[in-house]
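*Asks:* take this sequence and fold it.
(chains A and B)
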Amino acid sequence: MKNRHEMLGMTDEQVLSIYEMMLLARRLDERMWLLNRSGKIPFVISCQGQEAAQVGASFALNREIDYIAPYYRDLGVVLSFGMTAKELMLSAFAKAEDPNSGGRQMPGHFGQKKNRILTGSSPVTTQVPHAVGVALASKMENKNFVSFVTLGEGSSNQGDFHEGLNFAGVHKLPVITMVENNKYAISVPMEKQIASENVSIRASSYGMPGVTVDGNDPLAVYEAVKQARNRAVNGEGPTLIEAVSYRLTAHSSDDDDKYREKDEVNEAKKQDAIVTFADYLRDVNVLNEEIIESINQKIMEIVNEATDYAESAAYADPEHALRYVYEE
Amino acid sequence: MAIMTYIQAITSALREEMLRDEKVFVLGEDVGKKGGVFRATDGLYDEFGEYRVLDTPLSESAIAGVGIGAAMYGMRPVAEMQFADFILPAVNQIISEAAKIRYRSNNDWNVPMTIRAPYGGGVHGALYHSQSVEAIFANQPGLKIVMPSTPYDAKGLLKSAIRDNDPVLFFEHKRAYRLLKGEVPEEDYTLPIGKAEVKREGADITVITYGLCVHFALQAAEKLEKEGISTHILDLRTVYPLDKDSIIEAAKKTGKVLLITEDNKEGSIIGEVAAIIAENCLFDLDAPIKRLAGPDVPAMPYAPTMEKFFMINPEKCEKAMRDLAEF
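*Replies:* Numbers count the residues shown, from 1 in each chain, chains lettered A, B, ... in the order given. Just a heads-up that it's a prediction; the model follows:
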């Protein structure tokens, strides 16, 4: 078995951290579904199936200085950028201490200034021009940070995707756009969504490279984002990356998922990176059963603690709804 | 004091703010080399360079959205929409994003951005170069909408908008750009956003309006003065959120209120002004609250006959004011 991560200049510790982060995202997400199905939280929108792309990309960025504009499935991205499991659970329970919104927004609407996570909304793709604006500021102020923005493949039909990428291409801005192609926009499959052969080809209209990578392979995504970041900081401009994986859950906790065949989902689960990346790490002797057990134990403690804390945390006072319309 | 046109006041506010704060930059279509289609950014490109006076692609949603991103980072963008009529592709960015970012992030993020746009008719601009669009944004908490009527107000309020830590829509009447001249101080000054101003003291009737209509009302008031009708004129200056105290005070002053807007009548700003007066001034009123506005047709036609029919002018103001005085 070839040691691919060493060829990318990555240490064993780094790839193990990627695996742990992917697993943390998965276990948190699974817990949120349990909480939803037991009536404790109103809504979940899932990262399952996309953790490899999310965490692989994040680890290729500079998590001390780069800005991110994540979309609603990016549990793995925001965890990698410093948001804690406890903070994400506070958001799931809509509690006052939720750093994303203080319980104002649905889960999945991320934002945390101290970790340079731009605040997001529900109308899709509006975050693309925001990330371009941050990249414009980086260029204007001669800084060396880049911005990283994600979206689904359906969102790549929105005007803001095209307007944003064109703007970035014209001005050669340090922004990396990653489309997490999970093959479904709610119920509509890729082939009914996008007329071009893939998403990344859309980059050619906007004067930037576009690459399609296996979104189930965190190392492939890491490599693509690393190259994109190098281009960005060298003044060579933006890059579009399409990370192809599969949405393993329904669109959200309010979706019944009857529009696709169970066989298709089962087939996709064979490519689940939580399994396949663990296999790779075993093959290159980074992971063994002992380490897996200790990681699992650690993660379940984190998830349990986050759940307990968030469940018993306080809601915002009703009148808090009146605060922060304007500067106070 | 220097005498300036309305548009010179805009340009000088932009220039002084850009000199004062390196974070301030202008972006929009044709704002750079050309200096703007109305020349509002004339000379700024040569003085400050490409990246502080940025010619953007023709994409209004990106102009707003890129501005929002830069503002969240800590810049102070001043985005120009070439015509207010063309702001509509950017409405999602303005309403779903800019207006809600402070609120939805529980005060973590904010958007110190100004969006300037020329509005209004009487310039042979037809349906899509004449509209008043303020009502579209005037029920969106998180936004502020400023519509100054004089060069002095324009400069002082634009400086305040740029220094504001929340998004401000700044609508400039395009016919006012070169029509209106006025005294503007040499030294730095700002005017408060959210405050209306009495533009004329009077005792018989109250006119509440904003933008170019303030001048039509002032001209009409001059004429009516000779007939012995004394007109009190309140200029809203900020149309959202409204300065309720000043509206109530002005309405109570005379008990007869005429509200004027160039916008279509139904659903316009002055409907809300009427509601504020109705809620607060019932026993002070001596006549029904009257409204003078554009007709409820989609927008202003091109032919001069129909354009004139749509537009507010001093004669229409005079008639409506006299009718109210005689009620």
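*Asks:* three-state assignment of residue 191?
*Replies:* No chain was given, so I picked chain A. The three-state label given to residue A:191 by DSSP: H, G, I helix; E, B strand; the rest coil is helix.
*Asks:* right idea, wrong chain: chain B
*Replies:* What three-state DSSP gives for residue B:191 is coil.
*Asks:* that one against residue B:160, yeah?
*Replies:* Yes. Using Cβ atoms under 8 Å, residue B:191 makes contact with residue B:160 at a distance of 6.0 Å. From N, CA and C alone the C-beta is placed, and that goes for glycine too.
*Asks:* centre-most residue in the chain?
*Replies:* Went with chain A since none was named. By Cα atoms, centre = their mean, chain A has its centre lying nearest to residue A:74, at 2.6 Å.
*Asks:* could you point out the longest helix in chain A?
*Replies:* Looking across chain A with DSSP state H, the single longest helix is helix A:12-37.
*Asks:* how close does residue A:137 sit to residue A:145?
*Replies:* As judged by Cβ to Cβ, to the nearest Å, residue A:137 and residue A:145 stand 9 Å apart.
*Asks:* who's more crowded, these two?
*Replies:* Between residue A:137 and residue A:145, counted using other Cβ atoms under 10 Å in any protein chain shown, the more crowded position is residue A:137 (25 against 22).
*Asks:* surely the more buried one touches residue B:70?
*Replies:* Yes. At 4.7 Å, residue A:137 and residue B:70 qualify as touching, with contact defined as Cβ under 8 Å.
*Asks:* hmm, who's touching the helix or strand harbouring residue B:206?
*Replies:* If you go by DSSP states H and E, residue B:206 is part of strand B:205-209. Outside strand B:205-209, the residues within contact range by Cβ atoms under 8 Å, 6 or more residues apart in numbering or on different chains are B:196, B:217, B:221, B:229-236, B:247, B:250-251, B:253-254, B:256-261, B:270, B:273, B:317, B:321, B:324-325.
*Asks:* list only those of those flagged as buried.
*Replies:* Using 16 or more other Cβ atoms under 10 Å in any protein chain shown as the burial test, these include B:196, B:217, B:221, B:229, B:231-236, B:247, B:250-251, B:253-254, B:256-261, B:270, B:273, B:317, B:321, B:324-325 as buried.
*Asks:* now do the strands in chain B.
*Replies:* For chain B, the strands defined by DSSP state E cover B:2-5, B:24-28, B:53-55, B:76-80, B:114-119, B:144-146, B:168-173, B:181-184, B:197-200, B:205-209, B:231-235, B:238-240, B:257-264, B:290-294.
*Asks:* name the helices or strands packed onto the last one?
*Replies:* Meaning strand B:290-294. strand B:257-264, helix B:269-280, helix B:314-325 (3 or more Cβ pairs under 8 Å, 6 or more residues apart in numbering or on different chains; DSSP states H and E).
*Asks:* so what are the sheet partners of it and their directions?
*Replies:* With DSSP bridges as the test, strand B:290-294 is paired with strand B:257-264 (parallel).
*Asks:* any idea of the angle the partner strand forms with strand B:168-173?
*Replies:* Comparing the axes of strand B:257-264 and strand B:168-173 via axes from the mean of the first three to the mean of the last three Cα atoms, to 10 degrees yields an angle of 90 degrees.
*Asks:* centre of the chain to strand B:257-264, how far?
*Replies:* 14 Å (Cα atoms, centre = their mean, to the nearest Å).
*Asks:* same question for stretch B:210-222.
*Replies:* For stretch B:210-222, the separation from the chain centroid amounts to 14 Å (computed by Cα atoms, centre = their mean).
*Asks:* for stretch B:4-19, same thing?
*Replies:* Going by Cα atoms, centre = their mean, where stretch B:4-19 is centred and where its chain is centred differ by 16 Å.
*Asks:* residues in contact with that stretch?
*Replies:* With Cβ under 8 Å, 6+ apart as the test, stretch B:4-19 has contacts from B:24-26, B:38-44, B:47-48, B:52, B:76, B:78, B:116, B:150-152, B:154-156, B:158-159, B:162-163, B:172-173, B:176-184, B:188.
*Asks:* restrict these to contacts with chain A.
*Replies:* B:25, B:52 (Cβ under 8 Å from any Cβ of the partner chain).
*Asks:* spell out the residue ranges of the strands in the stretch 201-328 of chain A.
*Replies:* All strands of the stretch 201-328 of chain A, identified by DSSP state E, counting those that start in this stretch, fall at A:210-214, A:239-244.
*Asks:* which among those is found nearest to chain B?
*Replies:* Chain B lies closest to strand A:239-244 among the strands of the stretch 201-328 of chain A, at 15.8 Å (Cβ to the nearest Cβ).
*Asks:* between the closest one and strand A:210-214, how many degrees?
*Replies:* Between strand A:239-244 and strand A:210-214, the angle comes out at 30 degrees (the same axes, to 10 degrees).
*Asks:* smallest gap between the stretch 101-250 of chain B and chain A, at which residue?
*Replies:* Counting by Cβ to the nearest Cβ, the stretch 101-250 of chain B gets nearest chain A through residue B:106, at 3.3 Å.
*Asks:* residue B:200 bridge partners, please.
*Replies:* Beta-bridge pairing for residue B:200 (DSSP bridges): residue B:233.
*Asks:* tell me who's in contact with it.
*Replies:* Counting by Cβ under 8 Å, 6+ apart, residue B:200 makes contact with B:218, B:221, B:231, B:232, B:233.
*Asks:* tell me how far the first one lies from residue B:145.
*Replies:* It stands for residue B:218. Using Cβ to Cβ, residue B:218 is found at 22 Å from residue B:145.
*Asks:* more neighbours, those two?
*Replies:* Neighbour comparison, residue B:218 and residue B:145: the larger count goes to residue B:145, with 26 against 19 (by other Cβ under 10 Å).
*Asks:* so that one sits against residue B:236, correct?
*Replies:* No. Look at residue B:145 against residue B:236 with Cβ under 8 Å: they stay out of range, at 9.7 Å.
*Asks:* show me the contacts for the residue nearest to the centre of chain A.
*Replies:* Counted by Cβ under 8 Å, 6+ apart, residue A:74 has contacts A:47, A:54, A:110, A:150, A:180.
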